[in-house]
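Participant: Provide a 3D model corresponding to the input given below.
(one chain, ligands or ions: 1)
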Amino acid sequence: MTDSDLLITRDAIRAAVNPQRLADTALALIAVPSPTRSAGAVADRLAEILTVDGFAVERPIADWPEAPAVVVRLESGATGRTLQFDGHLDTVHLPFVPPRQENGYLYGSGSSDMKGGIAAFVEALRVLRETGTLKAGSVLLTAHDHHEGPWGDRRQVEALIREGTVGDGVLLPEYLADPLPVAARGMAIFEIRIQREGEPCHEVLRPEGLPDVLAAGVLVARRLQELHTRLSGITHPVTGHDSVFLGQFHCGEIFNQAAVLCTLKGTRRWVTPNAAAEVQAEFADLLAQVADETGTSIEFDFEVQGEAYAVDADDPLLAAFQNAHTAVTGAPLPLGRKPFVDDGNTFAGLAGITPLSHGPAATGAHTLNEEVSLVDLVRVAEVYALTAVGYCGGK
Ligand SMILES: [Zn+2]
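Facilitator: A predicted model of the protein is given here:
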């Protein structure tokens, strides 16, 4: 698209975005409480809104019958890329705060994380259809439950990906407006359980050679520290370096009893894309070595929360996004790292597609004071629609 085409398209999109329609959509979604694993009613509400708008709505179960996902496709009729708009409809488990619109701001549960952003997706879809500006390719809107941890385990977004309900690139309306995250570390939460056979016993009654789970725990802690030192050398220009962090160490009931169980918990983060399996294997080796040396048995959980990824500098979604952002706001976004794990990590790791997390400059996520400005929701709706035009029509 030439620069002047881009500006003509921007003007058409800008003229079509209806701020109050966008706000009403967000408020209607916020009004339906949807703590993680209980997003069925709000998914129904979103499906109803889209149906009334004249979109054909699909409701795949996607591994969560309590809240079938919401899927809509906007086809241009010409071949091109598919841009996915993906958002989660569930909220963290806090007391419900009802919706409110006041002085240009929307308030209430999920307004920031991320029903406001989903409403911006819906508005972008409406506008693309009304203006006829999507000349090639298609937009795939997906919305689902099971995002927020520790209540959700991402099973629904994973099922959608496995079932092929996925685009060539994906936007996620996280409350990250600046910078644009183009790389993220992978992350796993681990729990290590070091055990010996037999019962707890008084220290003076220990048989000769009884394995010492506490000493084995200390050895694991020291080896993890050594590992961390080595890992600090594995670096990425945007995301930093690999790490292993130990946050909890539990062992023993009283001072003179030989324990049977020692547990250690922490995190492992990595910068190398698609390295989760390798990282876990290295972790398993370290623990097997300690078990061998100490005569204990060691088992562990290694729950991967998200895979590491890095977006190429010449990625077409990145280019389309920056062109759109420049047309809408006057400047491209500075590039940065993503501070947390979101569904973008899952799209990168499981679907192998480029994720870009960008949403309104909303505040109060995971608190009772979520708020988002309507002006900013309008901005992101314009950026989403214009990104779709550039990306989907780009080949
Ligand atoms: Zn959240």
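Participant: excluding chain neighbours, what is closest to residue 22?
Facilitator: Excluding the flanking residues, the one nearest residue 22 by CB to CB, 6 or more residues apart in numbering is residue 123, at 4.2 Å. C-beta coordinates here come from the backbone N, C-alpha and C atoms, glycine included.
Participant: contacting residues for that neighbour?
Facilitator: Applying CB atoms under 8 Å, 6 or more residues apart in numbering to residue 123 gives the contacts 17, 18, 21, 22, 25, 377, 381.
Participant: where does residue 249 sit: helix, strand or coil?
Facilitator: Assigned with DSSP: H, G, I helix; E, B strand; the rest coil, residue 249 falls in the strand class.
Participant: show me the chain divided up by domain.
Facilitator: According to automatic domain parsing, the chain comprises the domains 3-184+308-392, 186-306.
Participant: which of the contacts of residue 123 are buried?
Facilitator: Neighbour counting with 16 or more other CB atoms under 10 Å marks 17, 18, 22, 25, 377, 381 as buried within those.
Participant: can you verify the residue nearest to residue 22 is assigned to a strand?
Facilitator: No - Residue 123 is assigned helix when assessed by three-state DSSP, not a strand.
Participant: next, count neighbours for residue 209.
Facilitator: Counted by other CB atoms under 10 Å, the residues lying close to residue 209 total 7.
Participant: circling back to that earlier point, export the buried ones among the contacts of residue 123 to JSON lines and append columns for pLDDT, distance to residue 85 and secondary structure.
Facilitator: Converted to JSON lines, the buried ones among the contacts of residue 123 look like this (pLDDT from 0 to 100; distance: CB to CB, whole Å; DSSP: H, G, I helix; E, B strand; the rest coil):
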{"residue": "17", "pLDDT": "98", "distance to residue 85": "15", "secondary structure": "coil"}
{"residue": "18", "pLDDT": "98", "distance to residue 85": "18", "secondary structure": "coil"}
{"residue": "22", "pLDDT": "98", "distance to residue 85": "14", "secondary structure": "helix"}
{"residue": "25", "pLDDT": "98", "distance to residue 85": "13", "secondary structure": "helix"}
{"residue": "377", "pLDDT": "98", "distance to residue 85": "14", "secondary structure": "helix"}
{"residue": "381", "pLDDT": "98", "distance to residue 85": "11", "secondary structure": "helix"}
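Participant: could you dump the residues you listed to JSON lines with distance to residue 240?
Facilitator: Output for these, formatted as JSON lines (distance: CB to CB, whole Å):
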{"residue": "17", "distance to residue 240": "38"}
{"residue": "18", "distance to residue 240": "42"}
{"residue": "22", "distance to residue 240": "36"}
{"residue": "25", "distance to residue 240": "38"}
{"residue": "377", "distance to residue 240": "32"}
{"residue": "381", "distance to residue 240": "33"}
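Participant: quick check: the closest residue to residue 1 other than its chain neighbours vs residue 137, distance?
Facilitator: Among residues not flanking residue 1 along the chain, residue 390 sits closest, at 5.8 Å (CB to CB, 6+ apart). Computed with CB to CB, to the nearest Å, the distance linking residue 390 and residue 137 is 10 Å.
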